[in-house]
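*Asks:* requesting a structural model of the entry that follows:
(chains A, B and C)
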Amino acid sequence: MSQVPTDLRYTKTHEWVRVMPDGLLELGITDHAQHALGDLVFVETPEPGRRVSAGEPYAVVESVKAASDVYCPIGGEVAAANVELASAPERINQSPYGEGWIARIRPDDTAAVAKLLSPADYSKLIEAEGD
Amino acid sequence: MQSHGEKLIFEHSRPGRGAFDQWPQTPPDSAAVADIPAELVRQAPPLLPEVSELDAVRHFTRLSQLNFSIDTHFYPLGSCTMKYNPKACNALAQLPQFLGRHPLAPESHGQGVLACLYELQEMLKAVTGMRAVSLTPMAGAQGEFAGVAMIRAYHRARGDLARKEIIVPEAAHGTNPATATMCGATVREIPVRSDGDVSLEALRAAVGPGTAGIMLTNPSTLGVFERHIVEVAEIVHAAGGLLYYDGANLNAILGKVRPADMGFDVVHVNLHKTFSTPHGGGGPGAGAVGVGERLAPFLPIPLVGRDEDGRYRWLAERDLPQSIGRLSAFMGNTGVLLRAYIYMRMLGSTGMTAVAEHATLNANYLLARLTRAGFAAAYPERRASHEFIVTLKREARELEVTAMDFAKRLLDYGMHAPTTYFPLLVPECLLIEPTETESKQTLDAFVEALTSIEREAREDPERVRGAPHTLPVRRLDDVRAAKHLDLTFKPAASVAGTPSP
Amino acid sequence: MAFIPHTAAEVGEMLESIGAASTEALFDEIPASIRLRELSGVPEPLGEMEIGRLMRERAASDGQPLCFIGAGAYEHHIPAAVWAIANRGEFYSAYTPYQAEASQGTLQTIYEFQTMIASLTGMQVANASLYDGASAFAEALLMAVRINRRSESLRALVPSTLHPHYRAAARAITSHQGVTLEEVPYCTEEGRILPEALTRYEAQGAAALAIPQPNFFGVLEDVDALSEWARRRGIPVIAVVNPTSLALLKPPGAWRGGADVVVGEGQPLGVPLSSGGPYFGFMATRMEHVRQMPGRIVGRTLDAAGRPGFTLTLQAREQHIRRGRATSNICTNQGLMVTAATVYLSLMGAGGLERVAIASHARTSELAAALTRIPGVRQAFRSPYFHEVVLRLDRPVAPVLEALARRNILGGIDLAPHYPELAPALLACATETKTSADIEAFASAVREVLSSQPAA
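*Replies:* I've put the predicted structure just below:
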């Protein structure tokens, strides 16, 4: 069974969002996603300063079996990227909600976070997919 | 089998060694290149081996002995049609006059090869029911590209610029959506029903004024015949779209039914599958493309034409002003085309039908025997075409032994594994295509091997999970290969190498 | 028949096992309305003896003329060992090496090939081949667009001195993705691109600058100036090179502006002319671009026992995984030709390849000298060239070539169709396979043909 932390919000495409104390949003992919991908071998993170819109791919995660785009749940500007992932992509597998964060953005509209999937709804989604 | 531990050819090098008999015999005269400006001349020689002819021959011969091949092993790879490659096709295609002919040699010095290519075009028309054929695409994927590009060109020529969508069943081969994207089209996937046929309802909902066409294989990638193909064609045509036939599975229906009669407007044929040109360890192939009347003006050039007086010539830009263009520098993989021609002449009309009959017989026989042995067919209610799918999802769940583990263990039994994990639709699947050139003995041995592995999976699962055990290498670490990229040999000591950028 | 081993008895046993009355019954899912009653349009089968006779007759009718045509495909000596090895069933009847443990022969050969191509081109990594030089060039354009995502330009600057069929194929393949080719004009005096010709493009960006070396005329381009111009403007450089020439000429990795992607036709490396194919396209690039490179790539890794082995890697970019978002749709490539090229390069080594390059250039110079001694023939360009040369004639070239062909000599190609501004002009090439006697025979024939026909 995949982990679905209760303090985060989620998307249908298996991304998670954490609202940080300073108002930035921390983004990553879920435990379900990392498990489906398998051992990650490469992660392409965005450049700070780049603008991304909601629904736009802002990163790529690559395993031996798949290379997937990671979609930005809420539009904003990239404040920071987890550059450690360049040499240690496996952090996403080991700690998808912690050290495996991918980027932090300054959101255009923090209120939009509430419209994302709740932990309960996301859990239902992955159960239906046969997690 | 050789045990591995073959050094790299570079590791056999010794300074000053060389296969001197192969070099031009007069020593290099630097005066001969004095007219080349010094700043354009190479400073440091490239890193190439310095070995004797015997070193090279021994090295590559030993490497060849590390391979599985059709000549040495049963190779039931679904969707690849690994049939026997007749030696005559290889030998005759390599007659010195064919081998030594320059692509731009005049037609006066090419009537022989042109006759072969023309007749090949004609025979491909006959087996597909199409009106015109181009032999230029150098592989199935290039044939697909040509097909989709022609469909788009056709709609553009009619002024219908809205048609940008290509429909593809969810079980399609990866080249299909990749090709659609390369042609600037968007892809719309439609579901397949549980009995293996495309969902007509989903298709009706998917077609519209934006539909350029649909890409289908028949029999499909699920190993079953698309029984409602005539309706599929009607639906797509009625909506203004065209039908593209991926010929990967033509071996199943050769001489039994023609793609044109099913309603297809354009087909590509994998000559390295159905027409037995060698797979070469990854090519070269040839993906000849055939079209109905509507798409004939758009064929990729050049084609071979024949004048009234029976002389053959190339048809190019002037003859096909609406062509989608050239796909290569010359005229495609002529050497491969000659092999296909020779094979088709040896088969003849009766041979072609026999191919489909025996390929289908072999597949259905294996399906029946494996089902009785307790394996789960993905579509047990359906006839196998020339291939069929077995799913090992129960074994994976109950015994934690996957299709990949079965595939690797089969290698220890001296057989190449079937195709695994394709189509993506069926979990833990093996797509099995025996081809018509395999005997009943070989098929029986295959059934025994799989049965034995199933037993091992229950009694000694580690043995299966750790396979292969008897090959030159054990299972290779893919993750490491992708994370720590080692893609070229780097000599330890500083060797006269090229300056890095 | 048809290489089918079944006996009638076996067919019977198998049908019984299936529970079908006949093989026809196995086709009962195909709608009757579309079933073929009989396959027409295909002749009766031939046995090996009969087809052998037919093919030998046809081959004999094509003959083996003395050939001085280059134009993208070059006649070089192919050592006997090359095809003795490539024709081994273990190489040619093997499949794509997806099951790595069963394919170490093919995989190691490709790894060695990648090493050789990377070194020859002066780059850091190479792939396992593409279909041919022209389609490799098209793929390089698409790759340059992917690399240079920051630039919005989809316009590639392509010298008109690049092989006309390469430009045509590139258009046919890349236009669907919005790429346009802007042809950079050449100097008709010098047969090459003058760096000043690039100034007009300075204002707008470009997706790439292609630089051929040598170019279609055999002329050597000013690669340092051209590559530097592109580098200064952040425009990716695509080098299109002849592999034999790389034994002698500075590789793209060492050009003053460097190169981002290097492609070319690999046919000169042990692959026969064979009326245009199969050949292979090679591609090499910088390590930082490796994930944007199409085609297969082999990597070295360890197996479960900790021993080195080879496997296909970075497959996540390819069609069978990434599907609609793949870098290319390429699946089958040109594996057997790569095997041949790897054996060829192993036999030749740097020393042998250099000799081939020098000898080819020397023979071409000799050819140019012999032909320009004939009244009515002169060299078109004074610029430095490599192993191919453009000659101006005093009359249309096509009839001259026809007359030469009747004497069993293929004198080159007529440039009028693609370069009417140079006409009448002939592109001819001599490699190490030609002797001085061959060149003399060619020159005599030309002399005879020109003196027997009136000048234009």
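*Asks:* what's the longest helix in chain A?
*Replies:* With DSSP state H setting the assignment, residue counts place helix A:119-128 as the longest helix in chain A.
*Asks:* give the buried residues for that helix.
*Replies:* Taking 16 or more other CB atoms under 10 Å in any protein chain shown as the basis for neighbour counts, the residues of helix A:119-128 that come out buried are A:122-123, A:125-126. All C-beta atoms are positioned from the backbone trio N, CA, C, and that covers glycine.
*Asks:* lowest-confidence one in the residues you listed?
*Replies:* Confidence by pLDDT is poorest for residue A:126 among those, given 87.
*Asks:* ok, now which ones touch that residue?
*Replies:* Residue A:126 makes contacts with A:2, A:4, A:14, A:30, A:32, as judged by CB atoms under 8 Å, 6 or more residues apart in numbering or on different chains.
*Asks:* now residue C:298, what's its secondary structure?
*Replies:* In terms of secondary structure, residue C:298 is strand; the call rests on DSSP: H, G, I helix; E, B strand; the rest coil.
*Asks:* for it, give the beta-bridge partners.
*Replies:* When bridges are assigned using DSSP bridges, the partners listed for residue C:298 are residue C:312.
*Asks:* where's it relative to residue C:312, distance?
*Replies:* The spacing between residue C:298 and residue C:312, counted by CB to CB, to the nearest Å, is 6 Å.
*Asks:* now do the shared contacts for these two.
*Replies:* Taking CB under 8 Å, 6+ apart as the contact rule, the neighbours common to residue C:298 and residue C:312 are C:97, C:107.
*Asks:* what about these two, which has more around it?
*Replies:* More neighbours sit around residue C:298 than around the other of residue C:298 and residue C:312, counting by other CB atoms under 10 Å in any protein chain shown; the figures are 28 against 22.
*Asks:* number of residues surrounding residue B:465?
*Replies:* Residue B:465 has 17 neighbours, counted by other CB under 10 Å.
*Asks:* quick check: closest non-adjacent residue to it.
*Replies:* If the residues on either side of it in the chain are set aside, residue B:465 comes closest to residue B:405, at 5.1 Å by CB to CB, 6 or more residues apart in numbering or on different chains.
*Asks:* run through the neighbouring helices and strands of the helix or strand containing that neighbour.
*Replies:* Secondary structure here is read from DSSP states H and E; on that basis residue B:405 sits in helix B:403-412. Helix B:403-412 makes packing contacts with strand B:419-420, strand B:429-432, helix B:440-459, helix B:461-465 when contacts are defined by 3 or more CB pairs under 8 Å, 6 or more residues apart in numbering or on different chains; DSSP states H and E.
*Asks:* quick one: strands adjacent to the shortest one?
*Replies:* What it means is strand B:419-420. Looking at strand B:419-420 with DSSP bridges, its partner strands are strand B:429-432 (antiparallel).
*Asks:* now what about the partner strand, what contacts it?
*Replies:* B:76-79, B:221, B:223, B:363, B:366, B:378, B:387-392, B:403, B:406-407, B:417-423.
*Asks:* give me that answer again for 6 Å
*Replies:* The contact list for strand B:429-432, computed with CB atoms under 6 Å, 6 or more residues apart in numbering or on different chains, reads B:76, B:78, B:387-391, B:403, B:418-419.
*Asks:* these in strands, which ones?
*Replies:* Within the contacts of strand B:429-432, membership in strands is found for B:388-391, B:419, as judged by DSSP state E.
*Asks:* buried ones from those residues, can you make that a PyMOL selection?
*Replies:* To isolate the buried members of the ones in strands among the contacts of strand B:429-432 in PyMOL, using 16+ other CB under 10 Å:
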select buried, chain B and resi 388+389+390+391+419
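*Asks:* tabulate the ones in strands among the contacts of strand B:429-432 (JSON lines), appending pLDDT.
*Replies:* Below are the ones in strands among the contacts of strand B:429-432 laid out as JSON lines (pLDDT from 0 to 100):
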{"residue": "B:388", "pLDDT": "95"}
{"residue": "B:389", "pLDDT": "95"}
{"residue": "B:390", "pLDDT": "95"}
{"residue": "B:391", "pLDDT": "94"}
{"residue": "B:419", "pLDDT": "91"}
